[in-house]
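Colleague: Quick one: sequence plus predicted model below, questions after.
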Amino acid sequence: MRGTDETSGSLFSDVDLAERIPARHPLRNIRRVVNDALVSMNVEFDRL
């Protein structure tokens, strides 16, 4: 998704998923890489 990275965990669950994923879990790195890639493509998305 584009836009701000707002968590709404409390809206759907009593457990914050960020707290359940260990700090060294690969998903944390994958999320950072994907977010960086999407930010770098903002100009192209805006043209669409």
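Modeller: Now that the structure is in, tell me what you want to look at.
Colleague: Show me the shaky parts of this protein.
Modeller: Regions of the chain meeting the criterion pLDDT under 70 cover residues 1-3, 5-13.
Colleague: in it, which spans are strands?
Modeller: Counting by DSSP state E, the chain has no strands to list.
Colleague: Which parts of it are helices?
Modeller: Here the chain has its helices, by DSSP state H, at 9-12, 17-20, 26-40, 42-47.
Colleague: and the end-to-end length of stretch 39-48?
Modeller: From its first residue to its last, stretch 39-48 covers 15 Å (C-alpha to C-alpha, to the nearest Å).
Colleague: Pull out the buried residues from it.
Modeller: For stretch 39-48, a neighbour-count test (16 or more other C-beta atoms under 10 Å) marks nothing as buried. (Glycine included, C-beta is placed from N, CA and C.)
Colleague: Please compute how far it lies from its chain's middle.
Modeller: Distance of stretch 39-48 from the chain centroid (C-alpha atoms, centre = their mean, to the nearest Å) equals 17 Å.
Colleague: just stretch 18-25 next, same as before
Modeller: For stretch 18-25 - counting by C-alpha atoms, centre = their mean - the centre lies 13 Å from the chain centre.
Colleague: gap between the two ends of that stretch?
Modeller: 11 Å.
Colleague: tally of neighbours for residue 21?
Modeller: 13 (other C-beta atoms under 10 Å).
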